[in-house]
Each structure stands twice: as C-alpha cells, then as structure tokens.
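> Kindly generate the corresponding structure for this input.
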Amino acid sequence: MHHTFAAPLIITGANKRVGLALTKTLSSQGYEIVATYRNDPGELVTLENVYPFQVDLTSVEDRQQFIDYVLTCAKSLRGIIHNASLWLNDSLHHFQTMYQVHLEAPYHLNLALEPLLLASTRADIIHICDDSASRGSKNHIAYAATKAGLSNMTLSFAEKLAPTVRVNTIAPGLLIFKEDSSADYQEATLKKALLPYEPGAAPIIEAVTYLLQSTYTTGSTVTANGGRHLRHSKNA
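Residues are numbered from 1 along each chain as shown. Below you'll find the model as predicted:
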C-alpha cells in the first residue's frame with residue numbers, strides 16, 4: 001500500500017451491510033475512500049477509488065498502524081465516518097469490546113488524525129450512533145451506553161475542531177434486520193415506528209450526503225428512526 005492521497009475520506013467497518021452500501025455510493029461520487037475492515041474485505045477490493053485497510057479497532061496497535069499509514073500517505077483528510085459497530089448482548093466482555101469499537105477507536109482516530117483534518121479547507125467527522133443512545137435499551141444496555149458516549153463525543157469534538165471540521169451524529173433506528181432475526185421479532189420491531197418498514201442503508205446514505213454538503217451544521221444529531229420516538233413504546 002503505497003498510494004498517495006490528496007484528501008481521502010475514511011470509512012470504518014466498510015466491508016458489509018450499511019458500511020459497504022455507503023462506500024459504494026460515495027466512491028461512485030468521486031470520493032477517494034480509505035475503507036477499513038476487520039476480517040474479510042469482500043467487495044471492497046473490486047471498487048474504484050476504494051483502498052481497503054485491515055484494522056482490528058479493538059487493538060491499539062492495529063489502530064496505530066492504520067494511523068501511521070494515513071499520516072504517511074495523505075496530505076489532508078476530507079473526513080472520517082465512524083461506521084464500525086457491534087451489536088452484542090450484555091456481558092462485561094461485550095461491554096469492553098463495544099467500548100473499544102464505539103468510543104475508544106473514534107476518540108483515538110479523531111485525535112491522532114486531527115492535523116490532517118485541519119489541513120483541509122473543509123473536513124467532516126460523522127459518528128454513526130443509534131436511536132437507543134437517547135432513550136436507553138433494557139435488552140442492550142452496553143450497546144446503548146457506548147453509543148450514547150459516542151454521541152456525546154460529537155459535542156466535544158465539534159467545539160474543539162470548529163470551524164474547519166464539522167462534527168455531527170447520525171442516529172438511526174432500524175436499518176437492516178440481522179440475518180438470524182425471527183419473523184415475530186421483525187414484526188414487533190417494525191410496529192415500533194410510525195414508518196413501519198425495513199429501510200436498508202438509504203437513511204444513512206441520505207444523512208451522510210447531507211452532512212458532507214451542509215454549510216451550517218455542526219455538533220448536531222440527524223435522527224432517522226421512522227418516527228419511533230412518537231410511538232412512546234416501552235419496549236426497547
């Protein structure tokens with residue numbers, strides 16, 4: 001990997017589901033994408049303007065290798081989209097893992113790559129969080145808590161890096177069901193929103209496209225939850 005970049009856009013967790021769809025869309029729009037993945041790059045290796053990099057975001061050493069690569073190969077950064085995410089059941093080990101991916105990794109990358117972000121005329125940091133960050137989840141306490149921490153970090157980095165870098169949160173509700181989710185679970189989940197359908201990656205792509213072009217938005221949250229907050233559901 002010796003490609004030299006002018007001002008690439010970093011997308012973490014870019015090799016599947018929403019991350020892959022987002023990477024395909026932005027690369028087709030002409031963005032140079034440095035796309036991180038944990039295990040298998042999958043379709044990333046077939047995409048133009050996309051440069052895959054294997055990173056275990058739970059590892060400080062892996063993250064530092066990635067940071068060193070970007071600092072060496074890029075003159076500036078158009079932005080970082082922190083998309084990598086894990087939806088794990090509650091346990092102490094899972095809490096630690098999600099903390100590393102949802103909070104520690106974005107914190108580490110934002111601070112270490114700050115010089116390249118500030119070297120751009122305009123840069124963006126986008127934290128992809130979750131609607132549960134604002135309301136909690138009795139069934140996924142650790143997940144909601146770590147996403148809430150990431151959402152809060154938006155506020156601090158937005159103030160720290162203004163006016164060159166816009167820093168914002170996207171808080172989606174349901175996007176794509178897990179492959180092993182039951183029909184009963186899917187039906188119950190869809191009923192929690194005013195817009196009761198599985199939207200796929202579109203809400204994230206729409207929100208990212210807006211934020212990358214917005215002129216007066218920083219430290220804000222774009223919520224795309226199908227109106228779930230108006231259902232007043234007690235089931236999380």
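> chain center to stretch 184-203, what's the gap?
Stretch 184-203 sits 20 Å away from the centroid of its parent chain (CA atoms, centre = their mean, to the nearest Å).
> buried ones in it?
189, 192, 193, 199, 201, 203 (16 or more other CB atoms under 10 Å). For glycine as for every other residue, the C-beta is placed from the backbone atoms N, C-alpha and C.
> ok, so of these, who is nearest residue 154?
residue 203 (17.7 Å; CB to CB).
> From residue 210, how far out is that closest one?
Remark: distance between residue 203 and residue 210 (CB to CB, to the nearest Å) = 11 Å.
> Please pick out the residue of this structure most distant from its centre.
residue 184 (28.3 Å; CA atoms, centre = their mean).
> The strand ranked longest in the chain pairs with which strands, parallel or anti?
In terms of residue count, the longest strand belonging to the chain (DSSP state E) is strand 165-172. According to DSSP bridges, strand 165-172 has the following sheet partners: strand 123-128 (parallel), strand 221-224 (parallel).
> And the spatially most central residue of the chain, how far from residue 231?
With distances taken as CA atoms, centre = their mean, residue 83 lies nearest the centre of the chain, 2.0 Å away. Residue 83 is 26 Å from residue 231, where distance means CB to CB.
> try residue 173
10 Å.
> what is in contact with those two at once?
Common contacts of residue 173 and residue 231 (CB atoms under 8 Å, 6 or more residues apart in numbering): 192, 193.
> helix/strand/coil for the nearest residue to residue 199 once chain neighbours are set aside?
Leaving aside its sequence neighbours, residue 199 sits nearest to residue 175 (CB to CB, 6 or more residues apart in numbering; 6.2 Å). Secondary structure for residue 175, judged by DSSP: H, G, I helix; E, B strand; the rest coil, is coil.
> Tell me the pLDDT of residue 175.
Residue 175 is assigned 73 on the pLDDT scale.
> I figured it was touching residue 207, is that so?
No: counting by CB atoms under 8 Å, residue 207 is not a contact partner of residue 175; they are 11.2 Å apart.
> More neighbours: which of these two?
Neighbours per residue (other CB atoms under 10 Å) separate residue 175 from residue 207, with residue 207 holding more: 22 against 19.
> Touching, the residue nearest to the centre of the chain and residue 21? I think so.
No: in this structure residue 83 lies outside contact range of residue 21 using CB under 8 Å: 10.3 Å.
> which secondary element of the chain has the worst mean pLDDT?
Of all helical and strand segments in the chain, the minimum by mean pLDDT, DSSP states H and E falls on helix 183-190, at a mean of 74.
> Which is the succeeding secondary structure element to that helix?
helix 202-213 (DSSP states H and E).
> mind checking how far residue 75 is from residue 139?
45 Å.
> what comes up buried for stretch 53-61?
53, 55, 56, 57, 58.
> Go through these and name the one nearest residue 116.
residue 53 (15.1 Å).
> Spatially nearest residue to the closest one (excluding sequence neighbours)?
Distances taken as CB to CB, 6+ apart put residue 36 closest to residue 53, at 5.3 Å, once the chain neighbours are dropped.
> swap in residue 162?
Using CB to CB, 6+ apart, the closest residue to residue 162 is residue 218 (6.0 Å).
> Could you do residue 103 as well?
Residue 103 sits nearest to residue 149 (CB to CB, 6+ apart), 4.8 Å away.
> which parts of the helix or strand hosting that neighbour are buried?
Per DSSP H and E, residue 149 falls inside helix 141-161. By neighbour count with 16+ other CB under 10 Å, helix 141-161 contains the buried residues 142-151, 153-154, 157-158, 161.
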